[in-house]
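[1] From the sequence below, what's the structure:
(4 chains)
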Amino acid sequence: MNDPRTPHREGPRRDDGIHTRPDKRTRLEDLAALVKDGDMIAVGGGLSSREPMAILRALLRRRIRGLRAVGSAHGIDIDLLCGGGAVSCSSESYVGFEQDFGIAPNYRRACESGEVKVDDSCCYTLVQQLRAAVLGLPFMPVRSVRGTSFPELHPEYKTITCPYTGQELLLVPALAPDVAILHAQYGDAQGNLRIEGPPVMDLLFAKASRSVIASVETIVSTERLIELGGITIPYFYVTALAELPLGAHPTACYPFYAYDRPHTALYYEAARGGPERFSADYLQPFVHGCPDHAAYLARIGEATRRRLASWSAGEAAWMSLYREEVTA
Amino acid sequence: MNDPRTPHREGPRRDDGIHTRPDKRTRLEDLAALVKDGDMIAVGGGLSSREPMAILRALLRRRIRGLRAVGSAHGIDIDLLCGGGAVSCSSESYVGFEQDFGIAPNYRRACESGEVKVDDSCCYTLVQQLRAAVLGLPFMPVRSVRGTSFPELHPEYKTITCPYTGQELLLVPALAPDVAILHAQYGDAQGNLRIEGPPVMDLLFAKASRSVIASVETIVSTERLIELGGITIPYFYVTALAELPLGAHPTACYPFYAYDRPHTALYYEAARGGPERFSADYLQPFVHGCPDHAAYLARIGEATRRRLASWSAGEAAWMSLYREEVTA
Amino acid sequence: MIHDCSLGEFMIAAIARTIEDGKLAFHGFGSPLVQLAMHVAKRTHAPNMVLIAGATYGVDPDPPFLAPTSNDWVMDRGASSSLDIEELFDLAAAGRMGRMFLSGLQIDKWGNCNVTRLGKSKLALKLPGGGGGCNLSCDVQHLTLWTTGHRSPPDSAGKRRFRLVEVCDFVTNLGHRTADGRDRRELGHRGQGPEWLVTDLGLFDFDPEGHARLQALYPDITVEEVRENTGFEVRTAGPVAVLPAPDRETVALIRRLDPLRVHEHEIRPDDRGRRFAVA
Amino acid sequence: MIHDCSLGEFMIAAIARTIEDGKLAFHGFGSPLVQLAMHVAKRTHAPNMVLIAGATYGVDPDPPFLAPTSNDWVMDRGASSSLDIEELFDLAAAGRMGRMFLSGLQIDKWGNCNVTRLGKSKLALKLPGGGGGCNLSCDVQHLTLWTTGHRSPPDSAGKRRFRLVEVCDFVTNLGHRTADGRDRRELGHRGQGPEWLVTDLGLFDFDPEGHARLQALYPDITVEEVRENTGFEVRTAGPVAVLPAPDRETVALIRRLDPLRVHEHEIRPDDRGRRFAVA
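    The predicted structure follows:
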């Protein structure tokens, strides 16, 4: 506490979820060290876009265990964490590879074996629970969900009679993840982030979580962020960040690169082949066998980077990235 | 209802608050006709910026009566409506002219005479009530407010014991205004709006209200809105709009023009002088004596428009608009 | 010159016909047939529909081609604006979303869908999960259900695993009645529940009790085939019609919208050879 | 060369000293003294404060000059980003806002403020209203109260209308105890209530009971003057100190930040002649 009667002295800092270190840049390994065994994590991006894959690989290299994953529509990110043995509970609303490849193999195996507790949720239920955390409320009301099987999975939901309408409403409790793990196109040293394209749940995750770690394609000046169109997530939500070009690979991070569908096909085949094959054909070459992000980039190769950047050459070039034969 | 067994026929349209007429452009007078006696209105903008003054003047010319005004930080907009006899209840959180001129004279008189029911609210209480409307919920919880005098003014607030924490919480009911009245810098024919600078409560008003009417400085193409930096309020929230350059005068609408402090001083002196003086010195010349917006613009004069646009010439020019002597 | 069309193209047209003009409609992700149906509707009979794209939440996009994944910048090219996830679901919760499309690995007679798990007490197969389907099934005014897996050929032991089942193992998305038979109208939800069910065999609506009711068939399908492949009693109301084939313009439009034939991924390999004369 | 400063400049420095580094702080609108205090703090001892501007909700702005109105683009020039109104109040409600500044036409012994109305049963004077003060007084971790109207000279009948009153006619912003004496801690609010009250006569903190307690005086003011101008018992804890004057750099900074002397509007005309030597 300051004392207005005397010149200013720095008081004790209480943690109130406001992050104000003027320079939050750090190395990937130090970023990953901010996630602890057993943490509830919220992974940004969605499906095949802007997943913080480089950070997730670093978590697996650290042999992290017991994560509880919450989020909406996910795919290779959560499947990889499951395949690496890092997850003990999933409250995601979707983990899969859409109609293109289908069911998520590692996630499915981990759920069916009992290694991962199946605690499925739904997008809006999660939105309301995260909102409750953002608003500092113990719960949020929801009209939907009643009548489905979800309340059986979630004894923490409560039913009340609305004092205004006399109707039944569901209450869902606040959900504050320990760490939000995000990948953005741009950031600055202070931790301001600029996300281009669909933000998915990233902003909500950033506001609801106790800490936020982020990788970005490139760190620029604050002025440059504003020139580019403005800041999506203000710095005071962000704990630390690292510059990791191609940090979302094999998911997309436009405008830098498109979704790497052939790599995802390779991943999927390895995962579908069972734990041993997944370990040998994917985890070893792309995760544990790469001591750092530079080694991963070298493994992926410059030709891949050029191919994925070619989407911007025009519709034909873009479409050719997704042609059937490419996935063979 | 369509029938997938047969070729398509247009079914009956139910009002679900989605506005899809492809061309929503209209004249100011038709826009104002969408507000009815007794409506609950939410006026966009805040304090000295982006108030939809031209629409409010048109409402007074129509001799509208019995409006209930809800909103956060307001000044000349609500004071003018009160001075014109249009308001019967105020749930605003603030109506005044800050430290610069002080108490709002017409608003104060109307409250003290009993003409306007004093139903003051607070910014976040309103945010939560509007949010409840946006979310289709009967209420939202609030932790604050308890212990102040506001619950005495608002018997509709309810207190509950939180089923999660055992703590007391306040519930505030949904508030869905009949009409949101907004002024934006840009719009297109479909009704997309682009607001530059602080959006205040405009977006929340647009989402919570049954209909949305807007004036804009200039109507451009949808493509141009995107080039300018994107759409703030998507078209399907918007009922109708009119192009009214200088439609926020005497409040600011940057980047087009700054706040007209001398005009506001003139307004304030007239209002402080009592109802007769306000009618003679302000309502007559600037509202009832101007049959339309063009007449108002002529009354204000081209020199004023040039003066207010001069802010962009640099800090010295900008500051000179707010020098003390200008207000004399 | 287009003379015939595929099952996928036929289904897209059938789904498109369930979409009204002037309403806000949303497709989820992983559902190219529905994505295409919405684009067809917008470009034919429903020009004033508000088309919200799944995953990107782009408003009225005009993608140059369909990508094999929904959350791709391809999919929101040409959008005039985009919603965030909160706004999208708030619109539904407030009763402002006119139509949404849902499916499942199990769909029961009341239109409940299961995309969560097979196996009631013991987990036999973990499915990907329903995304926002649970919430939207309650909130959205009208639902169109669809599946490309109605046909359930017997396995080597002669046993069929039905897609259309008597009771779902888990109710991810709410239909007209809960697992214990409660009418959804008692629950006070915003939405009125499933209105149509479009399958690879035919079209169902729902009777006043909330039970699926066969209304029409593809030209190459019989009522008997539907009965064989359905895990619940197949009710009808009078004679069963034949679904109208799409016209040539609609088929041409679909081919232009999906040059990579992404939607064929949703069609079972056995059904990819079915051809239908266009109208 | 700066040798002395005005009451406004002295008060700005005193308010600035209540602001911590590394916290999120917010000034409302219509309060130039507080706006300037926040900019002074940010540019001196609290460089890592998150400075949120009232009305514009700009984050860390650097206005070229103070405008006479808070919701002016002048006021958010140089901001790196801006919050919307929901986000700003959510931050407070979640206990993440470190400090806010509140005032009133009545401030009572518990730090309750009235900006709504004079007259208990009958409305005698309608005040502008509290904006978001009611919510923020409950939610924000620490409050600094301020007023430039502590001095309450007697009117022609010899009667004083106190700014610092025994009981507010209406509690717009919550202090340490409710009108009926309940301790705010019983209410479970996020915020800890008023920490400091800076007036034109002196500085108060609050004792363990939650009652205002005189801590320090301006160099030209006596305890007796404070008693005469205060509507409740003036408590003290030991000897009353003299407030430290701002240093020359701080005074120069204020003059650079507010070339139009907008903050003088807040100072009563009688007090505009008070001068103080700088430190």
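[2] Indicate the residue of the stretch 101-250 of chain C located nearest to chain B.
    C:A216 (5.0 Å; Cβ to the nearest Cβ). Every residue, glycine included, has its C-beta placed from N, CA and C.
[3] contacting residues around whichever helix or strand that residue is part of?
    C:A216 is located in strand C:212-217, with elements delineated by DSSP states H and E. Strand C:212-217 is contacted from outside by B:4-5, C:109-111, C:164, C:197, C:201-207, C:223, C:226, C:232, C:234-237, C:240-243, using Cβ atoms under 8 Å, 6 or more residues apart in numbering or on different chains.
[4] what's the following helix or strand after it?
    Criterion used, DSSP H and E; the element after strand C:212-217 is helix C:223-228.
[5] And that following helix, what does it pack against?
    strand C:212-217 (3 or more Cβ pairs under 8 Å, 6 or more residues apart in numbering or on different chains; DSSP states H and E).
[6] Can you tell me the strand partners of the strand it packs on and which way each runs?
    Strand C:212-217 sits in its sheet next to strand C:202-206 (antiparallel), strand C:235-242 (parallel), going by DSSP bridges.
[7] what about the residue of the stretch 101-250 of chain C closest to chain B, how many neighbours?
    Per other Cβ atoms under 10 Å in any protein chain shown, the neighbour tally for C:A216 reads 21.
[8] got a pLDDT number for A:E10?
    Looking at A:E10, its pLDDT reads 42.
[9] same thing with A:V35?
    Looking at A:V35, its pLDDT stands at 98.
[10] three-state assignment of it?
    Following DSSP: H, G, I helix; E, B strand; the rest coil, we place A:V35 in the coil state.
[11] Surely it and A:I181 touch.
    Yes. Here A:V35 reaches A:I181: they are 7.1 Å apart, a contact under Cβ atoms under 8 Å.
[12] Pick out the residue in chain C sitting closest to chain B.
    C:A94 (3.3 Å).
[13] residue contacts, that residue?
    C:A94 touches B:G17, B:A133, B:V134, B:L135, B:G136, C:R190, counting by Cβ under 8 Å, 6+ apart.
[14] Can you say which of the residues you listed are buried?
    B:G17, B:A133, B:V134, B:L135, B:G136, C:R190 (16 or more other Cβ atoms under 10 Å in any protein chain shown).
[15] Any chance of a markdown table for those, columns pLDDT, distance to A:Q185 and secondary structure?
    Below are the buried ones among the contacts of C:A94 laid out as a markdown table (pLDDT from 0 to 100; distance: Cβ to Cβ, whole Å; DSSP: H, G, I helix; E, B strand; the rest coil):
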| residue | pLDDT | distance to A:Q185 | secondary structure |
| --- | --- | --- | --- |
| B:G17 | 87 | 34 | coil |
| B:A133 | 97 | 35 | helix |
| B:V134 | 97 | 29 | helix |
| B:L135 | 97 | 30 | coil |
| B:G136 | 96 | 34 | coil |
| C:R190 | 95 | 37 | coil |
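[16] quick revisit: who's more crowded, A:V35 and A:I181?
    Between A:V35 and A:I181, counted using other Cβ under 10 Å, A:I181 has the larger neighbour count: 30 against 22.
[17] pretty sure the more buried one is in a strand, no?
    Yes. When the secondary structure is assigned by three-state DSSP, A:I181 falls within a strand.
[18] List the contacts of it.
    By Cβ under 8 Å, 6+ apart, the contact set of A:I181 is A:V35, A:I41, A:A42, A:V43, A:G44, A:P52, A:I55, A:L56, A:I213, A:A214.
[19] Show me the helices in chain C, by range?
    All helices of chain C, identified by DSSP state H, fall at C:7-16, C:32-43, C:85-93, C:133-139, C:223-228, C:248-257.
[20] Select, out of these, the one closest to C:R184.
    Closest approach to C:R184 among those is made by helix C:133-139 (7.9 Å; Cβ to Cβ).
[21] Any part of the closest one near chain A?
    Yes. Against chain A, helix C:133-139 shows contacts by Cβ under 8 Å from any Cβ of the partner chain at C:G133, C:C134, C:N135, C:L136, C:S137, C:C138, C:D139.
[22] So the closest residue to chain D within the stretch 151-300 of chain A: helix, strand or coil?
    With Cβ to the nearest Cβ, the shortest gap between the stretch 151-300 of chain A and chain D falls at A:I231, namely 3.9 Å. Three-state call for A:I231 (three-state DSSP): coil.
[23] Show the pLDDT at it.
    For A:I231, the pLDDT comes out at 98.
[24] what does A:I226 give?
    Model confidence at A:I226 (pLDDT) stands at 97.
[25] what does chain A have sitting close to chain B?
    Checking chain A against chain B by Cβ under 8 Å from any Cβ, the hits are A:136-141, A:143, A:158, A:160, A:162-165, A:167, A:169, A:171, A:173, A:229.
[26] Out of these, which are close to chain C?
    Among the residues of chain A next to chain B, the ones lying near chain C by Cβ under 8 Å from any Cβ are A:R143, A:Q167.
[27] Filter the residues of chain A next to chain B down to the buried ones.
    A:G136, A:L137, A:P138, A:F139, A:M140, A:P141, A:R143, A:C162, A:Y164, A:L169, A:L171, A:P173.
[28] Tell me the one among those nearest to D:S121.
    Using Cβ to Cβ, those come closest to D:S121 at A:Y164, 29.5 Å.
[29] How about the residue in the stretch 1-150 of chain A that chain B sits nearest to: what's its closest non-neighbour residue?
    The nearest approach of the stretch 1-150 of chain A to chain B comes at A:P138, 4.3 Å away (Cβ to the nearest Cβ). Nearest non-adjacent residue to A:P138, counting by Cβ to Cβ, 6 or more residues apart in numbering or on different chains: B:Y164, 4.3 Å away.
[30] Now that neighbour. Its backbone dihedrals?
    phi -90, psi -40 (degrees, to the nearest 10).
[31] got the buried ones among the residues of chain A next to chain B as a markdown table, with secondary structure and distance to C:G119 columns?
    Shown next, in a markdown table, are these (DSSP: H, G, I helix; E, B strand; the rest coil; distance: Cβ to Cβ, whole Å):
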| residue | secondary structure | distance to C:G119 |
| --- | --- | --- |
| A:G136 | coil | 39 |
| A:L137 | coil | 36 |
| A:P138 | coil | 34 |
| A:F139 | strand | 31 |
| A:M140 | strand | 31 |
| A:P141 | strand | 32 |
| A:R143 | coil | 29 |
| A:C162 | coil | 36 |
| A:Y164 | coil | 41 |
| A:L169 | strand | 31 |
| A:L171 | strand | 29 |
| A:P173 | strand | 28 |
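[32] ok, is whichever helix or strand A:I78 is part of in contact with chain C or not?
    Element membership for A:I78, per DSSP H and E: helix A:76-83. No. Judged by Cβ under 8 Å from any Cβ, helix A:76-83 makes no contact with chain C; its nearest approach is 10.2 Å.
[33] which helices and strands does that helix pack with?
    Counting by 3+ Cβ pairs under 8 Å, 6+ apart, helix A:76-83 packs on helix A:53-61, strand A:67-74, strand A:87-97, helix A:105-113, helix A:261-272.
[34] That one: how far from the chain's middle?
    11 Å (Cα atoms, centre = their mean, to the nearest Å).
[35] Could you list the residues in contact with that helix?
    For helix A:76-83, the external contacting residues (Cβ under 8 Å, 6+ apart) are A:43, A:45, A:48, A:51-53, A:56-57, A:59-60, A:67, A:69, A:71, A:87, A:90, A:92, A:95, A:97, A:104-107, A:109-110, A:115-116, A:250-251, A:264, A:267, A:271, A:275, A:278, A:282-283, A:287.
[36] how big is the angle separating it from strand A:67-74?
    Going by axes from the mean of the first three to the mean of the last three Cα atoms, to 10 degrees, helix A:76-83 is angled at 150 degrees with respect to strand A:67-74.
[37] Serialize the helices and strands packed on helix A:76-83 to CSV and add fields for distance to chain D, mean pLDDT and mean neighbour count.
    As requested, the helices and strands packed on helix A:76-83 are arranged in CSV below (distance: least, Cβ to the nearest Cβ, whole Å; pLDDT from 0 to 100; neighbours: other Cβ atoms under 10 Å in any protein chain shown):
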stretch, distance to chain D, mean pLDDT, mean neighbour count
helix A:53-61, 24, 98, 25
strand A:67-74, 18, 96, 26
strand A:87-97, 21, 97, 26
helix A:105-113, 32, 98, 23
helix A:261-272, 34, 97, 20
